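# The following block contains a protein sequence and its predicted model.
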Amino acid sequence: MDGYYAWMIVATALVLMMTTPALALFYGGMTRSKSVLNMMMMSYISLAVVGLVFVLWGWSEGWGGDGVGNGNGKLIANPFDMFGLDGVSGANFIYVLFQLTFAVITAALISGAIADRVKMSSWIVFIAAWVTLVYFPVAHNVWGGGWFYHHFPNLDYAGGTVVHINAGVAGAVLAFIIGRRVGWPKEPMKPHNLTLTMIGAGLLWFGWYGFNVGSIVFTADSVSDPVKFSAQFYNETGVTFMNTTVATMAAMLAWLLIERIMHGKASALGAASGVVAGLVAITPSCGSVSTVGAIAVGAIAGALCAVAIGLKYKMNLDDSLDVVGVHLVGGVTGALLIGFLGTDSSPQGLAGLFTDADGKGMNGIFYGGSAELLLHQFLGVLFTIVWCGVFTFVIGLAIKYTIGWRISEEAEVDGIDSDQHGEAAYDLHVGFGGGSASSVLAKSTVTEGVNA
């Protein structure tokens, strides 16, 4: 058990790193230079706001208010039952903090769909309301023993539905409500620094091992038996580690192949995006497929996501950094492919979380199983899309018609970094035409230097 707790501390730190700095770098490099600080700030603010909300009532609403993993079928758990982590003690804090990091990055992922045009105050209000009304209830019904799982159990090892489909749907809804950036799609809005994006993608891949490998699901008998516990721990971590790795490799190559066929070039941005697409798709399925199955999941997701990101132009939806094309499409792909590629010899099959009438782990269609597993996976996807879509729409409209979402058109053209933060990411010539975009900190530093 000591080894398990030590690993979970490491895994939690890895997932925390996925938001800051990994996602901040990944998204920051993909925006224009006048927006990079704001894009990074949206990730940092998500960490602070969602983290505190999670501690106050999120844990209770998602897990504690209905029993961890064995709830009595409530659709929404009591947010005040364990308010402020009341009743949590000892090593349980590790698991609470691990789940906190999942909530944080889910909210931060949404920001990529609405880059360059949203007031920071509106973003803060939105993420606090969104995790309360969307993330925690969905997590409760998928992971926390809630009503939906009680009636329609479905497999989501580390967040395909709870994290990625949730974020993708929310991103699509907000992009629709808030509207397009000034000049999109006529003006080119290319990534300003692909080096940052590539570094961010690498850090996301590294941190994702905490995400997937840390999401260990133990059977009841292994928890009470140290020998079985140890055997399952090493088997499950090994399999999920390998599956996460090979799926990501396959997705990157598949994305680049599609790019080469469609556009004649295999780009660095495509490689980074393919990495994330593979990680997204294997997240729900890393514990339920074989190694070959993981390669198939990654390859299929990489190809589908590479095609899907172009659909936003046909739909006239300004999903700035392709949150819908990567996270929604990748999450749906990974969740549904369990119905085809899932096998009872996988860790989740052995864990008995999803069994047939004879009490045996249920196989996917390609492994001799029926369509029942696929049906349950589809219902899990549908539940998440509907719940997230409806409540995100309500929250988004409420903000639009009260405090408002958008910065002014003039501020958007000049740059959101200057408007919202009074800073510029690359203020290399302070005092020489920097204007309103000059860094407040840089100005004060120059002044101090002159006075000295």
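Arrived safely. Numbering: from 1, shown residues only.

# ok now the helix or strand harbouring Leu52, how far from the chain's centre?
Secondary-structure assignment from DSSP states H and E places Leu52 in helix 36-53. Here helix 36-53 is found 14 Å from its chain centre; the criterion is CA atoms, centre = their mean, to the nearest Å.

# Check which helices and strands it sits against.
helix 24-30, helix 92-110, helix 120-130, helix 416-421 (3 or more CB pairs under 8 Å, 6 or more residues apart in numbering; DSSP states H and E). In this view, the C-beta of every residue, glycine as well, is placed from N, C-alpha and C.

# who's in contact with it?
If you take CB atoms under 8 Å, 6 or more residues apart in numbering as the criterion, helix 36-53 is touched by 16, 19-20, 23-25, 27-31, 58, 100, 103-105, 107-108, 111-112, 115-116, 120, 123-124, 127-128, 131-132, 192-193, 196, 416-417, 420-421, 423-425.

# returning to that earlier point: take the helices and strands packed on helix 36-53 and lay them out in CSV including distance to Ala167.
Formatted as CSV, the helices and strands packed on helix 36-53 follow (distance: least, CB to CB, whole Å):
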stretch, distance to Ala167
helix 24-30, 12
helix 92-110, 4
helix 120-130, 10
helix 416-421, 21
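
# which one of the ones you listed is the most hemmed in?
Mean neighbours per residue, mean count of other CB atoms under 10 Å, is largest over the helices and strands packed on helix 36-53 for helix 24-30, with a mean of 26.

# I'd like the mean pLDDT over that one, please.
Averaging the model's pLDDT scores along helix 24-30 yields 98.

# Among the helices and strands packed on helix 36-53, which comes closest to Gly171?
Each of the helices and strands packed on helix 36-53 was scored for nearness to Gly171 using CB to CB, and the closest is helix 92-110 (5.0 Å).

# circling back: for the helix holding Leu52, buried residues please.
Buried residues in helix 36-53, defined by neighbour count with 16 or more other CB atoms under 10 Å: 36-43, 45-47, 49-51, 53.

# same check, this time on stretch 370-387
Within stretch 370-387, the residues that qualify as buried are 373-374, 376-378, 380-381, 383-385, 387, counting by 16+ other CB under 10 Å.

# That stretch: how far from the chain's middle?
Chain-centre distance of stretch 370-387: 19 Å, with CA atoms, centre = their mean.

# okay, now the closest residue in space to Leu194 that isn't next to it in sequence: neighbour count?
Of all residues beyond its chain neighbours, the one nearest Leu194 is Ala268 (5.2 Å), with distances taken as CB to CB, 6 or more residues apart in numbering. Burial of Ala268 is recorded as 14 neighbouring residues (other CB atoms under 10 Å).

# give me every residue that touches Pro363.
Check again: residue 363 is Asn, not Pro. Residues touching Asn363, when contacts are defined by CB under 8 Å, 6+ apart, comprise 342-344, 349, 369, 373.

# Make sure I have this right: it is in a strand.
No. With DSSP: H, G, I helix; E, B strand; the rest coil as the criterion, Asn363 is coil rather than part of a strand.

# Number of residues surrounding the nearest residue to it once chain neighbours are set aside?
Nearest non-adjacent residue to Asn363, counting by CB to CB, 6+ apart: Gly369, 3.4 Å away. Gly369: 19 surrounding residues under other CB under 10 Å.

# Surely Gly369 forms part of a strand?
No. Per three-state DSSP, Gly369 lies outside any strand segment and is coil.

# OK, contacts around Trp255?
With contacts defined as CB under 8 Å, 6+ apart, Trp255 is in contact with 270-271, 273-274, 277, 302-303, 305-306.

# on that earlier part again, separation between the residue nearest to Asn363 and Gly349?
Gly369 sits at a distance of 10 Å from Gly349 (criterion: CB to CB, to the nearest Å).

# Now list whatever residues contact both of those two.
Residues within reach of Gly369 and of Gly349 at once, by CB under 8 Å, 6+ apart, are 342, 362-363.

# Let me know the average pLDDT across the longest helix along the chain.
The helix of greatest length in the chain, counted in residues with DSSP state H as the criterion, is given as helix 226-263. The predicted model gives helix 226-263 an average pLDDT of 94.

# just stretch 271-281 next, same as before
Averaging pLDDT along stretch 271-281 yields 98.

# May I see the buried residues of the longest helix of the chain?
Buried residues in helix 226-263, defined by neighbour count with 16+ other CB under 10 Å: 229, 232-233, 236-237, 239-240, 243-259.

# if we can go back for a sec, out of the buried residues of stretch 370-387, who's nearest Ala139?
Nearest to Ala139 among the buried residues of stretch 370-387: Thr384, at 10.2 Å, using CB to CB.

# thinking again about what came up before, could you flag which of the contacts of Trp255 are buried?
By the neighbour-count criterion of 16+ other CB under 10 Å, those include these buried positions: 270-271, 273-274, 277, 302-303, 305-306.

# biggest separation within the residues you listed, which pair?
Comparing the members of those, the greatest separation, given CB to CB, is between Ala271 and Ala303, at 14.2 Å.

# Which residue would you name as the spatial centre of the protein?
Note on the chain: the residue nearest the mean C-alpha position is Thr106, at 4.0 Å, using CA atoms, centre = their mean.

# Just to check, that residue is in contact with Gly168?
No. Distance between Thr106 and Gly168: 10.3 Å, which falls outside the contact criterion (CB atoms under 8 Å).

# Quickly list what's touching both of the two.
Counting by CB under 8 Å, 6+ apart, Thr106 and Gly168 have no common neighbour.
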